[in-house]
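Chemist: 3D, please:
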Amino acid sequence: SLFSVPPTIALSTSDPTKADLSFAPRPFANGLATITVTVKDNGGLADGGCDTSTAQSFYIRVNYVNVPPSFACGSAVVVDENAGAVSIPGWAGSIDRGSQSESSQSLFFYVTPHNSSHYAMFLSQPSISALDGALTFQTRADVNTFATGPLLF
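Modeler: The predicted structure is shown next:
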């Protein structure tokens with residue numbers, strides 16, 4: 001269903017010649033709904049009367065909104081100097097594309113250091129796989145962060 005609270009129409013309290021429309025779309029839902037409305041009075045059908053208006057229709061379109069992806073960042077990584085290539089499977093967890101309607105979108109992790117001088121510390125820059133959350137990198141030989149402080153990405 002498109003709505004968590006279906007559309008309702010009530011006479012305006014400030015102007016009885018107008019009506020207020022209210023509804024709530026369901027989270028992550030999008031689409032088009034046709035709404036048909038009639039107005040009925042309490043005059044009845046006596047003497048050939050008619051108490052219901054002709055039906056009129058309008059549309060409510062709930063537009064798609066791109067919901068940002070999310071993930072859970074892994075814990076701090078500590079490796080020994082000259083450790084070689086490092087791969088930590090599942091380092092990024094709970095990878096979520098955003099919503100069900102975004103399953104066809106491609107995800108990419110962009111890894112950038114807090115300090116641009118840290119680029120020189122890597123033979124292979126850190127990267128994170130969007131498929132399985134694996135963190136991979138390779139430090140340069142004889143390089144450590146003891147003198148420069150922690151390496152933050």
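Chemist: Tell me where the chain is predicted with low confidence.
Modeler: Applying pLDDT under 70 to the chain picks out residues 146-153.
Chemist: Next, name the residue at the spatial heart of it.
Modeler: Centroid-nearest residue in the chain, with C-alpha atoms, centre = their mean: V67, separated by 2.0 Å.
Chemist: shouldn't D96 be in contact with E102?
Modeler: No: under the criterion of C-beta atoms under 8 Å, D96 is not in contact with E102, lying 9.4 Å apart. In this view, the C-beta of every residue, glycine as well, is placed from N, C-alpha and C.
Chemist: And the two? Which one has more around it.
Modeler: E102 (16 against 13; other C-beta atoms under 10 Å).
Chemist: Run through the strands of this protein in chain order.
Modeler: Along the chain, counting by DSSP state E, strands occupy 3-11, 19-25, 31-37, 56-62, 70-72, 85-88, 93-96, 122-128, 135-139.
Chemist: Distance from the third one to the middle of the chain?
Modeler: What separates the centre of strand 31-37 from the centre of its chain is 25 Å, taken as C-alpha atoms, centre = their mean, to the nearest Å.
Chemist: is it true that the residue nearest to the centre of the chain touches Q105?
Modeler: No: counting by C-beta under 8 Å, no contact exists between V67 and Q105, whose distance comes to 10.1 Å.
Chemist: Mind listing the shared neighbours of those two?
Modeler: Common contacts of V67 and Q105 (C-beta atoms under 8 Å, 6 or more residues apart in numbering): G98.
Chemist: what's the neighbour count on V39?
Modeler: 13.
Chemist: per-domain residue ranges of the chain.
Modeler: Split into domains by automatic domain parsing, the chain comes to 3-62, 70-139.
Chemist: and these as JSON lines, adding distance to T145?
Modeler: Listed next are those as JSON lines, based on distance: least, C-beta to C-beta, whole Å:
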{"stretch": "domain 3-62", "distance to T145": "42"}
{"stretch": "domain 70-139", "distance to T145": "7"}
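Chemist: hey, which of those domains is tucked in deepest?
Modeler: Using mean count of other C-beta atoms under 10 Å, the stretch among those with the largest mean neighbour count is domain 70-139, at a mean of 13.
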